[in-house]
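In: I would like the atomic coordinates for the input below:
(one chain, ligands or ions: 1)
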Amino acid sequence: MNILLGITGGIAAYKSAELIRLMKKEGFQVKVVMTANATRFITPLTMEVLSENKVYIDLFSEDERGYRISHISLARWADMVVIAPATANIVSKLAHGVADDLLSTTLLAFQGSVILAPAMNKVMYNNPIFRDNIHYLMKKGYHFIETGKGSLACGEYGEGRMAEPPQIVGFVKELISKSNDLKGKKILITAGATREPIDQVRFISNYSSGKMGFALAEVAQKRGAEVILISGPTFLEDIEGINTVRVETAAKMREQVFTYFKEADVFISAAAVSDFRPARQFEGKIKKEEQNTIHLELKKNVDILKEAGEKKDKQILIGFAAEVKSLKENALSKLESKNLDYIIANDITREDSGFGTDTNKVIIIERNGNTIDLPLMSKYEVAKYIFDLIKSHFERQSKGRIV
Ligand code: CTP
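Out: Modelled structure (predicted):
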């Protein structure tokens, strides 16, 4: 779980240090964005050391990859944003869509859950303008942690004191458990390349790393789904809590897919399944002394996804299309011929996309022809986007808008 902690300018900023420590203890990844005023209350260095990540302050600073669009990359990275302390100013800016520094801009670019822990003087806290802003944001789905009563920095006593860090962490955990939006869903995913043996030591394969399939599995599990991951050989390790079935050949992958397919609500075929296999496997190891030329006859493998398309009843089917040219046309024809609901097309000639990379530049084509051209993103972010689509597909299905 990636948490972006926004710190704004209030004396309670000193509590944010403890908040980061508690969040890290829970196993969350934490990145911090501070407003310029916040840095007058507590040093960015403290936050950097505790979060073990770079602290972001300037809208025009670079992110870790050197891109000058930190607000977008931070918004994509985060699963949840917590603002503690949240001043009247940030609440007001958020309520009015003001984006004039890194934190407020990131908030506008962020689509997930936002928790605000206000801290201010009691008169400000009870100011009807501030109350209106809070109510407006709550209606829009923002979460607020009520302030406690206590001594305030201004010397007065009353409401306006920021909730204590353990309470904020408790709130975060509760929200996470509620945001299990794929709970009860069974998601079957294939990943990686298959290996088709030529003899006992050689095989035909491709450059697929399995990263996209594993990212999908991880996101689905985080969102509460039951995940079955069928993976070809890869260097990636099993993800805790995910039933990972390791296979070598396309035939074995097919066998495993149809062991689980009937029960699945979604099947995502992210594996680069070998289209052909040697017609026969040579015994032992082929020795080079014995021949100058070897004729390797290849036979077509079963198209697993196409078979799933023929067998499908309730399942949402998602395929990938690895293309070197005519990206949209080829992907669309695969979507139709394999009876898919969505196809994720990527141009594998790009260096930053496709096999082995951590990022992907994809186009998603829906069954109705609708096309979504996503910018270059990490495979994890692409996975999140795909599950947002799946989530809304389920919602439309339950409202009877998709049969
Ligand atoms: N696929 C599959 N079984 C195969 C081949 C492909 O399940 N034997 C799935 C892949 O997992 C992917 C989709 O089909 O989701 C498209 O794979 P791709 O390699 O792009 O296309 P192919 O259908 O194999 O066609 P071609 O290689 O001719 O482009």
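In: which one is Asn180 nearest to, not counting chain neighbours?
Out: Distances taken as C-beta to C-beta, 6 or more residues apart in numbering place Gly224 nearest to Asn180, at 3.0 Å, with adjacent residues excluded. All C-beta atoms are positioned from the backbone trio N, CA, C, and that covers glycine.
In: ok, now Phe235?
Out: In space, not counting the residues next to it along the chain, Phe235 is nearest to Ser209; the distance is 7.4 Å by C-beta to C-beta, 6+ apart.
In: residues of the protein that sit close to the ligand?
Out: By C-beta under 6 Å from any ligand atom, the residues of the chain that approach the ligand are 250, 269, 271, 273, 275, 301, 303-305, 319-322, 334.
In: which of these fall in strands?
Out: 269, 319-322 (DSSP state E).
In: circling back: of the residues of the chain next to the ligand, the lowest pLDDT goes to which?
Out: Looking at these by pLDDT, the weakest one is Ala322, with 91.
In: which residues sit in contact with that residue?
Out: By C-beta atoms under 8 Å, 6 or more residues apart in numbering, the residues touching Ala322 are 272, 346, 348, 354-355.
In: repeat that for 10 Å
Out: Ala322 makes contact with 206-208, 272, 330-331, 344-348, 353-355 under the criterion C-beta atoms under 10 Å, 6 or more residues apart in numbering.
In: closest to Leu188 out of those?
Out: Relative to Leu188, the closest of those is Ile344; by C-beta to C-beta it sits at 15.9 Å.
In: helix, strand, or coil at the closest one?
Out: strand (DSSP: H, G, I helix; E, B strand; the rest coil).
In: ok, of the ones in strands among the residues of the chain next to the ligand, which one's closest to Lys183?
Out: Sorting these by how near they are to Lys183, with C-beta to C-beta, puts Ser269 at the top with 23.2 Å.
In: counting neighbours, what do you get for that closest one?
Out: Burial of Ser269, expressed as a neighbour count using other C-beta atoms under 10 Å, amounts to 28.
In: which among the residues of the chain next to the ligand end up buried?
Out: A residue is treated as buried here by neighbour count (16 or more other C-beta atoms under 10 Å); on that basis the buried members of those are 250, 269, 271, 273, 301, 303-305, 319-322, 334.
In: which one of those residues is nearest His393?
Out: Gly319 (14.8 Å).
In: now do the contacts for the closest one.
Out: Each residue near Gly319 by C-beta under 10 Å, 6+ apart is listed here: 267-270, 303-306, 308-309, 331, 334-335, 338-345, 365.
In: so what's it bridging to?
Out: Using DSSP bridges, the bridge partners assigned to Gly319 are Ser269, Ile343.
In: now do it against Lys299, distance only.
Out: Per C-beta to C-beta, to the nearest Å, Gly319 is found 22 Å from Lys299.
In: for the helix or strand hosting Ala217, name the packing helices and strands.
Out: In this structure, Ala217 sits in helix 211-222 according to DSSP states H and E. For helix 211-222, the helices and strands in contact under the criterion 3 or more C-beta pairs under 10 Å, 6 or more residues apart in numbering; DSSP states H and E are strand 186-191, strand 226-231, strand 243-246, strand 266-269, strand 316-323, strand 342-347, strand 359-360, helix 379-398.
In: the ones you listed: lowest mean pLDDT?
Out: Of all the helices and strands packed on helix 211-222, the segment with the smallest mean pLDDT is strand 359-360, scoring a mean of 86.
In: picking up where we left off before, now the helices and strands packed on helix 211-222 in JSON lines, with distance to Ser51?
Out: Compiled in JSON lines, the helices and strands packed on helix 211-222 are given as follows (distance: least, C-beta to C-beta, whole Å):
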{"stretch": "strand 186-191", "distance to Ser51": "31"}
{"stretch": "strand 226-231", "distance to Ser51": "29"}
{"stretch": "strand 243-246", "distance to Ser51": "30"}
{"stretch": "strand 266-269", "distance to Ser51": "33"}
{"stretch": "strand 316-323", "distance to Ser51": "35"}
{"stretch": "strand 342-347", "distance to Ser51": "33"}
{"stretch": "strand 359-360", "distance to Ser51": "24"}
{"stretch": "helix 379-398", "distance to Ser51": "19"}
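In: ok, Ile90 to the ligand distance?
Out: The gap separating Ile90 from the ligand is 44 Å, by C-beta to the nearest ligand atom, to the nearest Å.
In: I misspoke; the intended subject was Phe387.
Out: 17 Å.
In: alpha carbons only: can I get stretch 116-131 in CSV?
Out: Taking Å, rounded to 0.1, in the frame of the first residue of the first chain, the C-alpha atoms of stretch 116-131 are listed here in CSV:
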residue,chain,number,x,y,z
LEU,A,116,-7.7,14.8,5.8
ALA,A,117,-6.8,15.4,9.5
PRO,A,118,-7.4,19.0,10.1
ALA,A,119,-5.6,21.1,12.7
MET,A,120,-6.2,24.7,13.5
ASN,A,121,-7.5,27.2,16.0
LYS,A,122,-11.0,26.4,17.4
VAL,A,123,-12.6,29.6,16.0
MET,A,124,-11.2,28.8,12.5
TYR,A,125,-12.4,25.2,12.9
ASN,A,126,-15.9,26.3,13.6
ASN,A,127,-15.9,29.1,11.0
PRO,A,128,-19.0,28.4,8.8
ILE,A,129,-16.9,28.9,5.7
PHE,A,130,-14.6,26.1,6.8
ARG,A,131,-17.5,23.9,7.8
